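K.L.:
sequence first, then the predicted structure, then my questions.
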Amino acid sequence: MWRETTKHERNLRIWEEELEDFIPAKVLDFHVHLFNGATIPPDCEAYSCAGHPIRSYDLDALSQDLHELYPKRDVRAVVFGLPHVEYDLQVNNAYVGDVCDKRRFFPLRLFDPVMDRPDSLEADLASGRFLGLKPYLNYVRKPDLNEVQIPEMLPDSAMELVDARGLLVMLHIPRKDRLADPLNQQQLVDLCRAYPKARIVLAHVGRAYFLKNVRGTLDTLIDLPNLYYDLAMVSNPEVLEYVFRVAPRERILYATDLPIAVAPGKSVEINNQYTYVTPVPWPLSISDDHGKLVFTSFLYEELRGIRKAVERCGLGSDFVDAVFYENGRRLLDAVQ
């Protein structure tokens, strides 16, 4: 069983001893992938969830995981499909749009700037079915993904539709240096200023998984009132402490990146680089081939990191409540 929830005794102990008195009664996860069995064509490889192949992560699986990960909590989520050029985007978007009720689960639409028909995109956004877009660098289809630029992921034609309706964009920024890339910083500023009614959510705090990658990079961004920061898969306490001290606190959003976040593993920093450690082989990780380690989920490691950073900053329950629920709820209320 690849899911690391409180069904595992060690995780129940982590919850009871380290997390239960910290996690608020209400939780809003702003970054969850959802896809049904029809999303991945039969001739495509299964999605590797930190080395564990899966062919679906549907609403039933998500609901069960939320119930088990956060005992006795009211948990809601912003959800979108699984961005992959070989997967069926239309099927995935239709599934997400159909199963989300906008009371507990709030849908965003995958956006492919190459294959999406403008009339289809406009109709989906005009209908109110989706609360915004989820672009991804793979959809640009450049041979070298390190050369992708933000305007290629989000052309003006799409952003004009988003801006006109004041919708969300969940942006996973491209390029090897992430937020430290001057071009990314300038293009983020340009995007937010050109489309002031759009709400741009910087996924993974701009993929800020280790301190050198983020320190000093928020200075040019924090005055942009329509830029938000999601914490998905960020578990490094130093990074989180920096974000909590520098970023506008009302624009920090709890997020996890489920389903990968429920897999066993941990993000680690080695010589100003980051990688993952997992119990099974995965191209993005160092694997524990000798079986010497006992893992919990990426999600619980993230919660541990958040708690450490909150305590180091001397922040109280008002801040925790805001990050875990109130900031995201206020943002969704503004969009709907």
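P.N.:
Received it, and whenever you're ready, just let me know what you need.
K.L.:
distance of Pro113 relative to His67?
P.N.:
Counting by CB to CB, to the nearest Å, the gap between Pro113 and His67 amounts to 37 Å. C-beta here means a position set from N, CA and C on the backbone, and glycine is covered the same way.
K.L.:
what's the answer for Met115, then?
P.N.:
36 Å.
K.L.:
returning to what we had before: who has more neighbours, Pro113 and His67?
P.N.:
Neighbours were counted for Pro113 and for His67 using other CB atoms under 10 Å; Pro113 has more, 18 against 14.
K.L.:
for the residue nearest to that one when sequence neighbours are not counted, give me the pLDDT.
P.N.:
Distance criterion CB to CB, 6 or more residues apart in numbering; nearest residue to Pro113, sequence neighbours excluded, is Pro155 at 5.4 Å. Note for Pro155: predicted pLDDT of 97.
K.L.:
count of neighbours near Pro155?
P.N.:
13.
K.L.:
do the one 3 residues further on as well
P.N.:
For Ala158, the number of neighbouring residues by other CB under 10 Å comes to 20.
K.L.:
repeat for Tyr276
P.N.:
20.
K.L.:
my read: it touches Lys266, true?
P.N.:
Yes. Here Tyr276 reaches Lys266: they are 6.8 Å apart, a contact under CB atoms under 8 Å.
K.L.:
can you list residues touching both of those two?
P.N.:
Shared contacts of Tyr276 and Lys266 (CB atoms under 8 Å, 6 or more residues apart in numbering): Phe298.
K.L.:
which residues does Arg104 contact?
P.N.:
Arg76, Ala77.
K.L.:
how close does it sit to Leu28?
P.N.:
Applying CB to CB, the value for Arg104 to Leu28 is 10 Å.
K.L.:
quick one: common contacting residues for the two?
P.N.:
Common neighbours of Arg104 and Leu28 (CB under 8 Å, 6+ apart) are Arg76, Ala77.
K.L.:
residues contacting the closest residue to Gly132 other than its chain neighbours?
P.N.:
In this structure, Gly132 finds its nearest non-sequential neighbour in Leu168, 3.0 Å apart by CB to CB, 6+ apart. By CB under 8 Å, 6+ apart, Leu168 lies in contact with Val78, Leu108, Leu131, Gly132, Leu133, Val162, Ala198, Arg199, Ile200, Val201, Leu331, Val335.
K.L.:
which ones among those residues map onto strands?
P.N.:
Val78, Gly132, Leu133, Arg199, Ile200, Val201 (DSSP state E).
K.L.:
and those, which is closest to Ile173?
P.N.:
Ile200 (10.2 Å; CB to CB).
K.L.:
contacts for stretch 149-164 next, please.
P.N.:
Residues contacting stretch 149-164 (CB under 8 Å, 6+ apart): 111, 113, 116, 118, 121-122, 125, 132-133, 135-137, 139-140, 142, 167-169, 171, 173-175, 183-184, 187-188, 191, 194-198.
K.L.:
do stretch 315-324 as well
P.N.:
Contacts of stretch 315-324 (CB under 8 Å, 6+ apart): 22-24, 26-28, 231, 244, 249-250, 252-254, 306, 310.
K.L.:
how about low-confidence regions in the stretch 51-200 of the chain?
P.N.:
Within the stretch 51-200 of the chain, no stretch has pLDDT under 70.
K.L.:
residue ranges of the strands in it, please?
P.N.:
With strands called from DSSP state E, counting those that start in this stretch, the stretch 51-200 of the chain shows them at 52-54, 74-80, 105-107, 109-110, 132-134, 168-171, 199-202.
K.L.:
which residues are contacting the last one?
P.N.:
When contacts are defined by CB under 8 Å, 6+ apart, strand 199-202 is touched by residues 30, 132, 166-171, 173, 188, 191-192, 221, 224, 226-230, 253, 331, 334-335.
K.L.:
same deal with the first one?
P.N.:
Under the contact criterion CB under 8 Å, 6+ apart, strand 52-54 has outside partners Trp2, Glu45, Ala46, Tyr47, Pro259, Ala263, Val280.
K.L.:
any of those residues buried? List them.
P.N.:
Among the contacts of strand 52-54, those scoring as buried are Trp2, Tyr47, Pro259, Ala263, Val280 (criterion: 16 or more other CB atoms under 10 Å).
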